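Peer 1: return a 3D structure for these sequence lines:
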Amino acid sequence: MYFKFTFCPIILLLWASLSFAQNVNVVIHGAASIAKTDDNFVCVTLDWWPAEKCDYNQCPWGKAGILNLDLRYGALINAIKAFNPLRIKVGGSLQDNVVYKVGEVSSCPNFMKREDDLFGFSQGCLSIERWDQLNRFFNHTGVKLTFGLNALFRRNESQTEKGLWIGDWQPQNTRDFMQYTISKGYKVDSYEFGNQLSGSGMGAKVDAKQYGKDVIVLKNLVKELYAHPETQPKVLGPGGFYEKKWFHSIAY
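Peer 2: As a prediction, this is how the structure comes out:
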């Protein structure tokens, strides 16, 4: 791997300017803060991309994706622990392609390159064994976990409008996944509903009114399965670019 630096001319220009400048004394009054960063400001995403993900003749992901990441790597563990705690989002571009191997889902396919599918990959799968491994890792490092759910499960892409996914979200796979997660005592701080499905979308989109309807289904599911309000994960969404017309049409 190599890095290409493009800021050298700027540094040289600044050096040239400063060489002709007068000495300046700068005084900083640190008695009072003017702003405070929330603990949730720093967040790291563990993405689903497989090693076969390539752009511009480079395939940089290697084994950095969720399904391939070495969870025993000491430097990674120490780096996460140092934030105390670090919020980690499990999700990203392919999260709406992921099924969870629990309940009625019996097969667990790997992501395969397929140009006609969302982001160029077929449906992939999170096995229960890998979910167990990830949670041991999360518990060991003390992270706050946000899990990105598949919000396109059992929907179909519109035949008349490219990128628009239609139909009601089917929550059964998520229900089974949550029930297993609860039975194991795994802590999830929040669930994100879909990846950037608002407005024009990022590869895929859902109508605002339909999205709002489905979020209500998810919220009710969380309330049902997580009986105690103090332990209920938050429901997040839509997590996409702001487009006024879409956001003003959504109703929860």
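Peer 1: all strands for the stretch 151-252 of the chain, in order.
Peer 2: Applying DSSP state E, counting those that start in this stretch to the stretch 151-252 of the chain gives strands spanning 156-157, 165-166, 190-193, 234-236.
Peer 1: just so I know, which of those strands lies nearest residue 134?
Peer 2: Taking CB to CB, strand 190-193 is the member of those nearest to residue 134, at 15.1 Å. The way it works is simple: take the backbone N, C-alpha and C, and place the C-beta from them, glycine included.
Peer 1: list the helices and strands that closest one packs on?
Peer 2: strand 144-149, helix 208-225, strand 234-236 (3 or more CB pairs under 8 Å, 6 or more residues apart in numbering; DSSP states H and E).
Peer 1: wait, isn't residue 143 in contact with residue 84?
Peer 2: No: in this structure, residue 143 is not within contact of residue 84 by CB atoms under 8 Å, at 9.9 Å.
Peer 1: more neighbours: those two, which one.
Peer 2: Using other CB atoms under 10 Å, the more surrounded residue of residue 143 and residue 84 is residue 143, with 23 against 9.
Peer 1: which strand or helix spans the spatially closest residue to the more buried one that is not a sequence neighbour?
Peer 2: Closest residue in space to residue 143, ignoring its immediate chain neighbours: residue 88 at 4.6 Å, by CB to CB, 6 or more residues apart in numbering. Assigned by DSSP states H and E, residue 88 falls within strand 87-90.
Peer 1: check the offset of that strand from the chain's centre.
Peer 2: In terms of CA atoms, centre = their mean, to the nearest Å, the centre of strand 87-90 is set 7 Å apart from its chain centre.
Peer 1: show residues contacting that strand.
Peer 2: For strand 87-90, the surrounding residues in contact (CB atoms under 8 Å, 6 or more residues apart in numbering) are 39-40, 42-46, 66, 80, 134, 138, 143-148, 189, 192.
Peer 1: drop anything exposed from these.
Peer 2: Among these, those buried by neighbour count (16 or more other CB atoms under 10 Å) are 45-46, 66, 80, 134, 138, 143-148, 189, 192.
Peer 1: which two in those are spaced the farthest apart?
Peer 2: Going by CB to CB, the pair spanning those furthest: 80 and 192, at 19.5 Å.
Peer 1: quick revisit: which SSE is immediately downstream of the strand holding residue 88?
Peer 2: Of the helices and strands lying after strand 87-90 in sequence (DSSP H and E), the nearest is strand 98-100.
Peer 1: now what about the next helix or strand after that next one, what contacts it?
Peer 2: For strand 98-100, the following helix or strand on the C-terminal side (DSSP H and E) is strand 124-126. Residues outside strand 124-126 that contact it (CB under 8 Å, 6+ apart): 48, 50, 66-67, 94, 97-101, 105, 107-111.
Peer 1: nearest to residue 242 among the residues you listed?
Peer 2: Nearest to residue 242 among the contacts of strand 124-126, with distances taken as CB to CB, is residue 94, at 23.0 Å.
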